[in-house]
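1. below are the sequence and a predicted model; questions follow.
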Amino acid sequence: MSTRQRLAEPDDNDDQADAVEPAEPSRSGRTAYRRGSANPNGSTTALRADVLGALGVLKVATADQLQRLLRPRAASNTVIRQALRDLALHGLVASDGNTRNRHKTWRLEGAAGLDAAAAVLGMVRSEMGGTARGAGRTGAQHAMAVNETVLAFVLGGTAPGAAGGVGTVRSWSTETEFLLPGGRRKVRPDGVWQAPEIGVPVLMVEVDRSTMAPADVAAKFPRYRELFRTRVRDNDPALAEKEPADRTVHWWRRAWPGHARPGYPPVALVVTGAGPVALANRQQAVADLSADCWRGRWCREVRDDNDDGWREYDDAVPIVATTLQLLAARGPLGPVWWRFGRSGRHCLIEALENPNNRAAYDLRQAAREDEEHKAHQELMDSLACIDCGDVPEEESTWEYGRQGQVEWTRRPGGRCWPCHQDREERLEREAEEQLEAARTANAALRPCWTCRGSIGGKEGAKLELREEARPDRLECPECVQARAAKDLGPLMLPVPTKRELVAALVSTPDDPWWEVRVLHAKLYPVRDRKA
């Protein structure tokens with residue numbers, strides 16, 4: 001029997017008819033396929049499987065969305081509509097409404113549709129969720145926004161030079177329910193995205209169409225944190241001997257292994273349905289209302305003399321936000337994500353890095369220490385010894401004497417301690433030599449007018465002159481002090497008479513004070529002397 005005869009014969013079993021559908025074109029160079037009675041619209045088995053898988057993930061979608069997702073290079077969605085009509089003939093999909101733009105919405109139909117999609121996706125029926133029956137009657141506005149979010153992740157940005165997409169539709173699941181501890185409350189993200197190939201084991205996605213109050217949106221994040229806090233028993237044999245509390249692990253680490261960042265799995269908030277300013281204000285309002293979930297715990301070093309510190313994110317939910325318009329234009333890897341707690345927008349991987357963490361603090365602390373070391377080194381350089389050029393260490397800029405008293409401190413333009421000691425010893429020797437020279441010179445000079453002792457004073461006395469006495473000096477330091485204490489005024493020698501001056505022209509007077517008397521007469525004339 002020929003292939004054409006087999007296709008012409010009716011078959012009661014749709015699956016069998018589907019299995020014998022030819023995969024070759026009707027004529028070389030054409031893309032239309034022969035139509036059989038089982039699939040009269042001419043769709044291929046591969047395309048129908050792709051449509052079933054996409055509807056199994058998205059739950060409800062339009063032909064245009066399925067075309068962009070599954071066959072983005074196709075000129076129109078004709079082949080997608082053909083596949084949908086063929087699947088509808090088999091009772092696997094159905095349409096029960098239109099979007100506001102008059103696009104027909106499609107969904108899986110009943111248990112048969114769920115089973116067929118589960119077989120394509122390699123999942124069990126219980127993991128598929130519902131069929132979104134009746135969603136199209138109201139336009140499925142929320143589902144359409146979720147689908148556009150998935151499309152932006154898979155296809156990447158549409159703007160020139162935008163980043164490409166990541167993963168496929170099978171990297172997603174929607175309307176997945178997670179039970180909170182106690183089993184009575186649930187967390188149901190709009191989408192769950194897995195991209196371990198780029199370092200994101202899982203990302204929970206919430207799509208907000210600006211129809212809820214910001215407080216209601218922010219109230220979802222504490223439930224995420226409560227969910228992520230749940231711990232389960234770790235069956236690792238290496239932990240068998242540990243205490244029960246040490247043999248538990250967060251359930252999400254077992255479900256999605258590979259998390260390398262501190263904290264819980266991230267949550268993405270995609271907002272739409274309003275203008276840019278309103279959406280920016282909405283993101284800020286949600287961030288302020290949910291700060292307790294994402295801010296982290298503040299820590300600081302007690303030894304630090306500043307108020308700087310860092311945040312620990314072991315019990316925090318990383319939250320990133322963007323608008324659907326930005327996401328569709330730039331793609332998930334473009335600079336579209338605002339991480340709550342940071343400024344500016346970043347690509348997804350950068351946005352997921354925890355802000356102001358211990359690593360950032362260590363960098364700031366290292367910069368401060370470098371600055372302090374630089375300032376200290378500049379100070380040390382300024383303290384270079386003017387004698388030997390030695391640059392001191394910090395602990396050698398001062399010297400302690402008895403009972404911990406600072407005897408000497410190094411100053412800019414000064415000397416190091418050894419050079420300082422050498423100089424002090426040299427100055428002491430020079431002072432002693434100067435004192436001995438002064439004593440010798442003063443002993444050879446005339447005696448004190450009052451006490452007849454050395455004009456330099458007694459040796460070792462506190463007031464002893466340490467330099468050679470001036471030629472006009474008449475008394476030793478002790479006598480000068482005693483005269484001042486009695487307020488007697490300065491000592492004035494008798495003025496030479498005319499006879500003595502004339503006699504001095506012939507021969508030197510026999511008076512050791514003659515030269516001083518003559519000098520005093522010149523320095524202190526009679527009219528300037530006190531009566």
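-> Nice, thanks for sending it over. Numbers count the residues shown, from 1 in each chain.
2. can I get the CA coordinates of stretch 470-485 in PDB?
-> Only the C-alpha atoms of stretch 470-485 are listed here, as PDB (Å, rounded to 0.1, in the frame of the first residue of the first chain):
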ATOM      1  CA  ARG A 470      84.400  91.100  78.900                       C
ATOM      2  CA  PRO A 471      87.200  93.700  79.400                       C
ATOM      3  CA  ASP A 472      84.900  96.100  81.200                       C
ATOM      4  CA  ARG A 473      83.600  93.600  83.700                       C
ATOM      5  CA  LEU A 474      84.400  94.600  87.300                       C
ATOM      6  CA  GLU A 475      82.700  92.000  89.600                       C
ATOM      7  CA  CYS A 476      82.100  88.300  89.600                       C
ATOM      8  CA  PRO A 477      78.600  87.000  89.000                       C
ATOM      9  CA  GLU A 478      77.900  86.500  92.700                       C
ATOM     10  CA  CYS A 479      78.800  90.100  93.600                       C
ATOM     11  CA  VAL A 480      76.800  91.400  90.700                       C
ATOM     12  CA  GLN A 481      73.800  89.500  92.000                       C
ATOM     13  CA  ALA A 482      74.300  90.700  95.500                       C
ATOM     14  CA  ARG A 483      74.600  94.300  94.300                       C
ATOM     15  CA  ALA A 484      71.400  94.000  92.400                       C
ATOM     16  CA  ALA A 485      69.700  92.500  95.400                       C
END
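3. mind listing what's buried along it?
-> If you call a residue buried by 16 or more other CB atoms under 10 Å, then stretch 470-485 has these buried ones: 473-480. Bear in mind the C-beta positions are built from the backbone N, C-alpha and C, glycine included.
4. and for stretch 422-437?
-> By neighbour count on 16+ other CB under 10 Å, the buried set for stretch 422-437 is residue 435.
5. can you give me the helices for the stretch 1-150 of the chain?
-> For the stretch 1-150 of the chain, the helices defined by DSSP state H, counting those that start in this stretch cover 3-8, 14-19, 45-58, 63-70, 78-89, 110-121, 141-155.
6. least confident of these, on average?
-> Per-stretch mean pLDDT for those is lowest at helix 3-8 (a mean of 34).
7. how about stretch 42-51 as CSV, C-alpha atoms only?
-> Extracted C-alpha coordinates of stretch 42-51, given in CSV (Å, rounded to 0.1, in the frame of the first residue of the first chain):
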residue,chain,number,x,y,z
GLY,A,42,-0.6,20.3,7.8
SER,A,43,1.4,20.9,11.0
THR,A,44,4.4,18.8,11.8
THR,A,45,4.9,16.6,14.8
ALA,A,46,7.9,18.6,16.0
LEU,A,47,6.0,21.9,15.9
ARG,A,48,3.0,20.4,17.7
ALA,A,49,5.3,19.1,20.4
ASP,A,50,6.9,22.5,20.8
VAL,A,51,3.5,24.1,21.1
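8. now do that stretch: distance to the chain's middle.
-> Mean-position distance between stretch 42-51 and its chain equals 49 Å (CA atoms, centre = their mean, to the nearest Å).
9. and stretch 90-104, by the same measure?
-> 49 Å.
10. what mean pLDDT does that stretch have?
-> For stretch 90-104, the mean pLDDT works out to 90.
11. hang on, the earlier thing: closest one to residue 354 among the helices of the stretch 1-150 of the chain?
-> Between residue 354 and the helices of the stretch 1-150 of the chain, the tightest spacing by CB to CB is seen for helix 141-155, at 22.5 Å.
12. now that closest one: buried residues?
-> Under the neighbour-count criterion of 16+ other CB under 10 Å, helix 141-155 has 142-155 buried.
13. now for the helix or strand just after that helix, which elements pack on it?
-> Next helix or strand after helix 141-155 toward the C-terminus (DSSP states H and E): strand 172-174. Using 3 or more CB pairs under 8 Å, 6 or more residues apart in numbering; DSSP states H and E, the elements in contact with strand 172-174 are helix 45-58, helix 141-155, strand 191-195.
14. can you list the strands that strand 172-174 pairs with?
-> Strand pairing for strand 172-174, using DSSP bridges, gives strand 191-195 (antiparallel).
15. between the partner strand and helix 141-155, how big is the angle?
-> Interaxial angle, strand 191-195 versus helix 141-155 (axes from the mean of the first three to the mean of the last three CA atoms, to 10 degrees): 10 degrees.
16. mind exporting the C-alpha coordinates of strand 191-195 to PDB?
-> The C-alpha coordinates for strand 191-195 follow below in PDB (Å, rounded to 0.1, in the frame of the first residue of the first chain):
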ATOM      1  CA  GLY A 191       7.600  32.400  37.100                       C
ATOM      2  CA  VAL A 192      10.600  30.300  38.200                       C
ATOM      3  CA  TRP A 193      13.600  30.600  36.000                       C
ATOM      4  CA  GLN A 194      16.600  28.400  36.100                       C
ATOM      5  CA  ALA A 195      19.900  29.400  34.400                       C
END
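17. now do that strand and helix 45-58, the angle between them.
-> Interaxial angle of strand 191-195 relative to helix 45-58 (the same axes, to 10 degrees): 120 degrees.
18. contact partners of strand 191-195?
-> Residues outside strand 191-195 that contact it (CB atoms under 8 Å, 6 or more residues apart in numbering): 146, 149-150, 153, 166-167, 171-174, 176, 200-205, 207, 256, 268.
19. now stretch 485-499: mean pLDDT?
-> The average pLDDT within stretch 485-499 is 83.
20. buried residues in it?
-> Those would be 492-493, 496, for stretch 485-499 by 16+ other CB under 10 Å.
21. redo the residues you listed as CSV? Include secondary structure.
-> Supplementary listing: the buried residues of stretch 485-499 in CSV, determined by DSSP: H, G, I helix; E, B strand; the rest coil:
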residue, secondary structure
492, coil
493, coil
496, coil
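22. okay if I get those residues as TSV plus distance to residue 306?
-> Shown next, in TSV, are the buried residues of stretch 485-499 (distance: CB to CB, whole Å):
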residue	distance to residue 306
492	72
493	75
496	81
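23. so which of the buried residues of stretch 470-485 are in helices?
-> If you go by DSSP state H, those have 477-480 in helices.
24. any chance of the buried residues of stretch 470-485 in a markdown table, plus distance to residue 250 and pLDDT?
-> Shown next, in a markdown table, are these (distance: CB to CB, whole Å; pLDDT from 0 to 100):
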| residue | distance to residue 250 | pLDDT |
| --- | --- | --- |
| 473 | 98 | 83 |
| 474 | 102 | 82 |
| 475 | 99 | 86 |
| 476 | 97 | 90 |
| 477 | 92 | 91 |
| 478 | 94 | 91 |
| 479 | 98 | 91 |
| 480 | 95 | 89 |
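25. let me know the closest of those to residue 353.
-> Set against residue 353, the nearest of the buried residues of stretch 470-485 by CB to CB is residue 477 (81.1 Å).
26. direction included, what does the helix or strand hosting residue 249 pair up with?
-> Using DSSP H and E, residue 249 falls within strand 248-250. Taking DSSP bridges as the criterion, strand 248-250 forms sheet pairs with strand 231-233 (antiparallel).
27. got the buried residues for the strand it pairs with?
-> By 16+ other CB under 10 Å, strand 231-233 has no buried positions at all.
28. need the longest strand for this protein.
-> strand 200-208 (DSSP state E).
29. other residues contacting that strand?
-> 142, 145-146, 149, 189-195, 217, 220, 224, 252, 255-259, 265-273, 282, 286, 324, 348-349, 352.
30. and the contacts of the helix or strand harbouring residue 482?
-> Here residue 482 sits within helix 477-485, counting by DSSP H and E. Helix 477-485 is contacted from outside by 448-451, 456-458, 461, 463-465, 475, 489-491, using CB under 8 Å, 6+ apart.
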